[in-house]
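Participant: Everything below, folded, please.
(chains A and B)
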Number of protein chains: 2
Amino acid sequence: MSTNLTAADRALPRLHGYWRSSAAWRVRIALNLKGVEWSATPVHLVRGGGEQRQPAFLRLNPQGLVPALEIDGLVLTQSLAIIEYLEETRPAPALLPPDPAGRARVRSLAQLVASDIHPLNNLRVLQQLEGRFGLDAAQRRDWYCHWVEEGLRALEKRIAAAPETGRFCHGDAPGLADCCLVPQLYNARRYGCSLEGLPELLRIEAACAVLPAFTAAAADAQADAVAGA
Amino acid sequence: MSTNLTAADRALPRLHGYWRSSAAWRVRIALNLKGVEWSATPVHLVRGGGEQRQPAFLRLNPQGLVPALEIDGLVLTQSLAIIEYLEETRPAPALLPPDPAGRARVRSLAQLVASDIHPLNNLRVLQQLEGRFGLDAAQRRDWYCHWVEEGLRALEKRIAAAPETGRFCHGDAPGLADCCLVPQLYNARRYGCSLEGLPELLRIEAACAVLPAFTAAAADAQADAVAGA
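Facilitator: Next up is the predicted model:
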């Protein structure tokens, strides 16, 4: 870590996110698990055409997507890259196992969610399906649940078959894969997708749900959450 | 590394992929940059409903997606997790910079492509748009190019603005972000997407194109490539 930080650099890490964004939620869990104090700057993804597309946010992240994390004088983007940075700069408690095979397993479980489920279902994609092709709410829900159900069934198979699975996705401490799993299950329920046949994933979700790092990170616990939305 | 490897474990790493799969292509580049000898097992993504959905492949990867890499007695999936494993077990030459800030930057550039462009455009998604909603070829191309063009423009802004950019996406040696960029540009051209306003990305692509690790990994150089397809 640099030793010539400015006063601003020494400020609390600031997470620009949105309460229901799966990607921002992953980072909230990771910060909490690491015991990092942080402050939230909500970015409303719908109001006014989306604050993430306005100049103030685009200066932070030209891609116009949350989350962005201001930390150590840097602006970091992409949830998994942010969590890897936290792991390298704040190693304890570890969110990845120590062995390369275990690390590859956890990263691949995380990426199954972060690359193969979530990108197909986030807000900008649903807006395109509606605006560009006129798909109605039922069709958008079908789309959403297709990817969620296919992806989570594959994840369940991998979790159920592996001796490395423990109380959590990998062993008996929560880690990177759990950071990805929990928000995805919340959003699956939100869209009414089937969670049949996923006993291992639901068991792990329940194990996470009793941990303060997860409860404090939950969508509904955020200052910008809208009750009944 | 384990010292009690079986004969099969000591065999060449075996990459199960498809010539035009961006994700398999990233891993080919990384293996070549690392100087790892490997053998290819083609998985035809279209023939017979897709060999990736057949039992032989599902035993390797229950998710039914390429690539899968058999290496060191393991079966690894998810391209970025595979490349991180190669980086940890075969550190030279490095595909990530040594400093956490640089590593976060390279990973976020890679994930911009691997999470925010490619998953929206791969074969299974285009098949859904056609089969589920009846979108025709022109509509599927619009969809494809929307995500490619939006994503690559954001990537260009980040690359053009950063002092860390060098001959390649990060400094003067090829790395993880370049592994992701090159296949994405190929597939953008394949679908006729606009590459206007991307001078930095095209400059970096040209720098990659003269390196044997990249030329040997190219789609058209693979044994399963189909001329004129």
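
Participant: What residues of stretch A:35-42 count as buried?
Facilitator: By neighbour count on 16 or more other C-beta atoms under 10 Å in any protein chain shown, the buried set for stretch A:35-42 is A:36, A:38, A:40, A:42. Bear in mind the C-beta positions are built from the backbone N, C-alpha and C, glycine included.

Participant: and of those, the nearest to residue A:166?
Facilitator: Taking C-beta to C-beta as the measure, residue A:166 sits nearest to residue A:36 out of those, at 24.5 Å.

Participant: Now do the same for that closest one: helix, strand or coil?
Facilitator: Secondary structure state of residue A:36, per DSSP: H, G, I helix; E, B strand; the rest coil, is coil.

Participant: Contacts only, for it.
Facilitator: By C-beta atoms under 8 Å, 6 or more residues apart in numbering or on different chains, the residues touching residue A:36 are A:13, A:86, A:90.

Participant: Most neighbours among those residues, please name it.
Facilitator: Neighbour counts for those (other C-beta atoms under 10 Å in any protein chain shown) peak at residue A:86, which has 24 neighbours.

Participant: Looks like it contacts residue A:35 (just checking).
Facilitator: No. When contacts are counted by C-beta atoms under 8 Å, residue A:86 is not listed as touching residue A:35 (10.6 Å).

Participant: helix or strand right after the lengthiest helix in chain A?
Facilitator: Secondary structure of chain A per DSSP state H: the longest helix is helix A:137-161. The helix or strand immediately downstream of helix A:137-161 is helix A:176-190, counting by DSSP states H and E.

Participant: Quick one: low-confidence residue ranges for chain A.
Facilitator: Counting by pLDDT under 70, the ranges of chain A that qualify are A:1-10, A:228-229.

Participant: show me where it has helices.
Facilitator: Using DSSP H, helices in chain A cover A:22-34, A:55-60, A:79-89, A:100-116, A:118-121, A:123-133, A:137-161, A:176-190, A:199-209, A:212-217.

Participant: Now distance to chain B too, for the ones you listed, in JSON lines please.
Facilitator: As requested, these are exported to JSON lines (distance: least, C-beta to the nearest C-beta, whole Å):
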{"stretch": "helix A:22-34", "distance to chain B": "9"}
{"stretch": "helix A:55-60", "distance to chain B": "9"}
{"stretch": "helix A:79-89", "distance to chain B": "4"}
{"stretch": "helix A:100-116", "distance to chain B": "4"}
{"stretch": "helix A:118-121", "distance to chain B": "4"}
{"stretch": "helix A:123-133", "distance to chain B": "6"}
{"stretch": "helix A:137-161", "distance to chain B": "4"}
{"stretch": "helix A:176-190", "distance to chain B": "10"}
{"stretch": "helix A:199-209", "distance to chain B": "13"}
{"stretch": "helix A:212-217", "distance to chain B": "20"}
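
Participant: how far is stretch A:132-143 from where the chain is centred?
Facilitator: Computed by C-alpha atoms, centre = their mean, to the nearest Å, the chain-centroid distance of stretch A:132-143 equals 24 Å.

Participant: Check which residues of it are buried.
Facilitator: By 16+ other C-beta under 10 Å, the buried positions in stretch A:132-143 come out as A:133, A:135, A:140, A:142, A:143.

Participant: who's in contact with the nearest residue to the second one once chain neighbours are set aside?
Facilitator: Taking C-beta to C-beta, 6 or more residues apart in numbering or on different chains as the measure, residue A:135 lies nearest to residue A:129, with 4.5 Å between them; neighbours along the chain are not counted. In this structure, residue A:129 makes contact with A:135, A:139, A:140, A:143, judged by C-beta under 8 Å, 6+ apart.

Participant: got CSV for the residues you listed, with distance to residue A:71 too?
Facilitator: Below are these laid out as CSV (distance: C-beta to C-beta, whole Å):
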residue, distance to residue A:71
A:135, 38
A:139, 40
A:140, 35
A:143, 35
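
Participant: Out of those residues, the closest to residue B:57 would be?
Facilitator: Set against residue B:57, the nearest of the contacts of residue A:129 by C-beta to C-beta is residue A:143 (25.2 Å).

Participant: Would you mind confirming that that closest one is in contact with residue B:128?
Facilitator: Yes. Using C-beta under 8 Å, residue A:143 is in contact with residue B:128, at 7.4 Å.

Participant: ok, back up a step: turn the helices of chain A into a markdown table, including distance to residue B:57.
Facilitator: Listed next are the helices of chain A as a markdown table, based on distance: least, C-beta to C-beta, whole Å:
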| stretch | distance to residue B:57 |
| --- | --- |
| helix A:22-34 | 28 |
| helix A:55-60 | 41 |
| helix A:79-89 | 26 |
| helix A:100-116 | 16 |
| helix A:118-121 | 22 |
| helix A:123-133 | 27 |
| helix A:137-161 | 13 |
| helix A:176-190 | 23 |
| helix A:199-209 | 22 |
| helix A:212-217 | 35 |
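
Participant: and of those helices, who's closest to residue B:213?
Facilitator: Evaluated over these, closeness to residue B:213 peaks at helix A:100-116, with 21.4 Å, by C-beta to C-beta.

Participant: Now residue A:225. Nearest residue, chain neighbours left out?
Facilitator: Using C-beta to C-beta, 6+ apart, the closest residue to residue A:225 is residue A:19 (4.4 Å).

Participant: number of nearby residues for that neighbour?
Facilitator: Neighbour count of residue A:19, defined by other C-beta under 10 Å: 21.

Participant: Could you pull up the residues touching it?
Facilitator: By C-beta under 8 Å, 6+ apart, the residues touching residue A:19 are A:42, A:219, A:220, A:222, A:223, A:224, A:225, A:226.

Participant: same check, this time on residue A:75
Facilitator: A:60, A:61, A:68, A:69 are the contacts of residue A:75 under C-beta under 8 Å, 6+ apart.

Participant: Give me the subset of those residues lying in strands.
Facilitator: Among those, the members falling in strands (DSSP state E) are A:68, A:69.

Participant: Closest to chain B out of the contacts of residue A:75?
Facilitator: residue A:61 (8.4 Å; C-beta to the nearest C-beta).

Participant: what about residue A:220, how many neighbours?
Facilitator: By other C-beta under 10 Å, 12 other residues sit near residue A:220.

Participant: Also residue A:199?
Facilitator: Residue A:199 is flanked by 12 other residues according to other C-beta under 10 Å.
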